[in-house]
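K.L.:
Pasting the sequence and the predicted model now:
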Number of protein chains: 2
Amino acid sequence: MGREELLEKARAGVKEAYLERDRQLIQCVNAIDELDRAGNLLFERLQEWYGIYFPELRVNEPEKYCELVLKVDRKNLDMGEISKIVGEGKAKEIEERAGRSIGVELGEKGLDKIRELAAEVLDMRTLRDSLEKYEVVVAKEVCPNLTYLIDATLAAKLIAHAGSLKRLANMPASTIQVLGAEKALFKHLRQHTKPPKHGILFQHPWVNCAPKKDRGRIARLLSTKIAIALKADFYTKNFIAEKLKAALDKRMDEIRKG
Amino acid sequence: MGREELLEKARAGVKEAYLERDRQLIQCVNAIDELDRAGNLLFERLQEWYGIYFPELRVNEPEKYCELVLKVDRKNLDMGEISKIVGEGKAKEIEERAGRSIGVELGEKGLDKIRELAAEVLDMRTLRDSLEKYEVVVAKEVCPNLTYLIDATLAAKLIAHAGSLKRLANMPASTIQVLGAEKALFKHLRQHTKPPKHGILFQHPWVNCAPKKDRGRIARLLSTKIAIALKADFYTKNFIAEKLKAALDKRMDEIRKG
């Protein structure tokens, strides 16, 4: 083979590697993760900054806080607008708090900057949600069996953590069970602490809502079925998830009954 | 005094504390810092993700990379558009690279999501620049003497690190000199390693462009004049910076001449 041919072949090989849809999924999972973290930090910053002007403003949902920052002038409250965002009762409370606020003037310019920051935080959350929708679509496409068994975002996280669908599909159930708890696992191996019972799988509601003593067993059950689903997703491409889910539900019922 | 009166007085006290413009400045400095960090992370993510589609695209400026992501279709290059962003020479190079790209199809939906991410990264940079402009304005207002001596963003960083203008104004020059190098300083005190010669002040061009052996002296000189400027900014409110700057330049000349 000539040099050109060899290069061509190499390129084709790389191209094939690139074709794996799971790489896109992993990028998406990580982007969401980073947006979450950055968004939270900037939201905290926003609260601290706006807190100079209106420290008494307390709202639980970050989105609503941002919208209030964008629309509330503490000195000239637009009650209609505020009610639209948080409802009438809460709007009254805000009115009362604004009346006795110890916050100080920031000047129109300062407020403008804070509003720009609030808009950015909202933008980041919108992007995050948009990426999550895409994540679910791609996850269902990449691993139809797995996403039938568990939540698509959880499936995506498992794949992202393993590094590829192939790697995850090749893992034994016991590894999947503790995926994401590597630190505890290695500590167990080195210092003979208790082994971890679950890693990322802790995010499954069956695990985190269960009494502590059952969690290990449930994580083990889940990971066994997940491993089977993954083999089907990666190797045979058969859709076997219905049967698998029925078996899973049955075993789960038995565990619940004790 | 009745309870109401006392409360009123307390509120007034807090209000006064709030009035300090430096608090706004500090929020602004920290917001910029967080935007920088988050923006860099997301930009790296963008490159990695878009790299699945067009791994050969290499541009030095993040802004231009984002704009290319928004406007380049690797399969159907709009050379005019690309030239507008990176110039004709670089556009030719991109065309050539696109021709032999080993990247794979992502599908229109995938590309859309990447473009949303690119737009977000650009937004964050725009906000960052907008905040920096504001930072400079407020810094000049808060400490006219200090910002006459050194760059306003550097002055803002010093204040942010100290926690308030007052705290910074009360620091001896030797503390200002190593502000931001606390880790090295405490290591020096505990383990008798060499003391740090500069902290945040390293960002001053006089320090970081100087030969290593002179840096300590220059940082010391700067911090001495900075300490004086700060006393004027916080206590006397006189503008003494012109004289101070002349003295600073003179001493610096002497150091340069050896």
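P.N.:
Nice, thanks for sending it over.
K.L.:
Would you map the helices across chain A?
P.N.:
Counting by DSSP state H, chain A has these helices, from start to end: A:3-19, A:21-53, A:62-71, A:79-86, A:88-99, A:107-142, A:144-149, A:152-162, A:165-169, A:173-178, A:182-191, A:205-208, A:212-231, A:241-257.
K.L.:
Relative to residue B:202, which of those helices is closest?
P.N.:
Closest approach to residue B:202 among the helices of chain A is made by helix A:21-53 (25.1 Å; C-beta to C-beta). No exception for glycine: its C-beta is placed from N, CA and C like everyone else's.
K.L.:
Is any residue of the closest one near chain B?
P.N.:
Yes. Helix A:21-53 reaches chain B (C-beta under 8 Å from any C-beta of the partner chain) through A:23-24, A:27-28, A:30-31, A:34-35, A:37-38, A:41-42, A:45, A:48-49, A:52.
K.L.:
Including mean neighbour count, could the helices of chain A go into TSV?
P.N.:
Formatted as TSV, the entries for the helices of chain A read as follows, by neighbours: other C-beta atoms under 10 Å in any protein chain shown:
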stretch	mean neighbour count
helix A:3-19	12
helix A:21-53	20
helix A:62-71	19
helix A:79-86	16
helix A:88-99	15
helix A:107-142	18
helix A:144-149	22
helix A:152-162	22
helix A:165-169	19
helix A:173-178	19
helix A:182-191	12
helix A:205-208	15
helix A:212-231	20
helix A:241-257	13
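K.L.:
Is it possible to get JSON lines of these that adds distance to residue B:95 and mean pLDDT?
P.N.:
As requested, the helices of chain A are exported to JSON lines (distance: least, C-beta to C-beta, whole Å; pLDDT from 0 to 100):
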{"stretch": "helix A:3-19", "distance to residue B:95": "18", "mean pLDDT": "62"}
{"stretch": "helix A:21-53", "distance to residue B:95": "25", "mean pLDDT": "95"}
{"stretch": "helix A:62-71", "distance to residue B:95": "42", "mean pLDDT": "95"}
{"stretch": "helix A:79-86", "distance to residue B:95": "49", "mean pLDDT": "93"}
{"stretch": "helix A:88-99", "distance to residue B:95": "57", "mean pLDDT": "92"}
{"stretch": "helix A:107-142", "distance to residue B:95": "29", "mean pLDDT": "95"}
{"stretch": "helix A:144-149", "distance to residue B:95": "39", "mean pLDDT": "97"}
{"stretch": "helix A:152-162", "distance to residue B:95": "34", "mean pLDDT": "97"}
{"stretch": "helix A:165-169", "distance to residue B:95": "34", "mean pLDDT": "95"}
{"stretch": "helix A:173-178", "distance to residue B:95": "45", "mean pLDDT": "96"}
{"stretch": "helix A:182-191", "distance to residue B:95": "45", "mean pLDDT": "91"}
{"stretch": "helix A:205-208", "distance to residue B:95": "51", "mean pLDDT": "95"}
{"stretch": "helix A:212-231", "distance to residue B:95": "42", "mean pLDDT": "96"}
{"stretch": "helix A:241-257", "distance to residue B:95": "46", "mean pLDDT": "95"}
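K.L.:
could those helices go into TSV alongside distance to residue B:71?
P.N.:
Supplementary listing: the helices of chain A in TSV, determined by distance: least, C-beta to C-beta, whole Å:
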stretch	distance to residue B:71
helix A:3-19	22
helix A:21-53	20
helix A:62-71	30
helix A:79-86	36
helix A:88-99	43
helix A:107-142	19
helix A:144-149	34
helix A:152-162	29
helix A:165-169	32
helix A:173-178	42
helix A:182-191	41
helix A:205-208	43
helix A:212-231	39
helix A:241-257	41
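K.L.:
Residue B:155: which of these is closest?
P.N.:
Of all those, it is helix A:107-142 that lies closest to residue B:155, at 17.9 Å by C-beta to C-beta.
K.L.:
do the closest one and chain B meet at all?
P.N.:
Yes. Shown here: helix A:107-142 in contact with chain B (C-beta under 8 Å from any C-beta) through A:109-110, A:113, A:116-117, A:120, A:123-124, A:127, A:130-131, A:134, A:137-138.
K.L.:
Compute the inter-axis angle for that helix and helix B:107-142.
P.N.:
Computed with axes from the mean of the first three to the mean of the last three C-alpha atoms, to 10 degrees, the direction of helix A:107-142 lies at 160 degrees from that of helix B:107-142.
K.L.:
list the contacts for the residue in chain A that chain B sits nearest to?
P.N.:
Ranking the residues of chain A by distance to chain B (C-beta to the nearest C-beta) places residue A:38 first, at 3.3 Å. Neighbouring residues of residue A:38 by C-beta atoms under 8 Å, 6 or more residues apart in numbering or on different chains: A:124, B:34, B:37-38, B:41-42.
K.L.:
Kindly reformat the residues you listed as CSV containing distance to residue A:158.
P.N.:
What follows is the contacts of residue A:38, written out as CSV (distance: C-beta to C-beta, whole Å):
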residue, distance to residue A:158
A:124, 25
B:34, 30
B:37, 28
B:38, 26
B:41, 22
B:42, 23
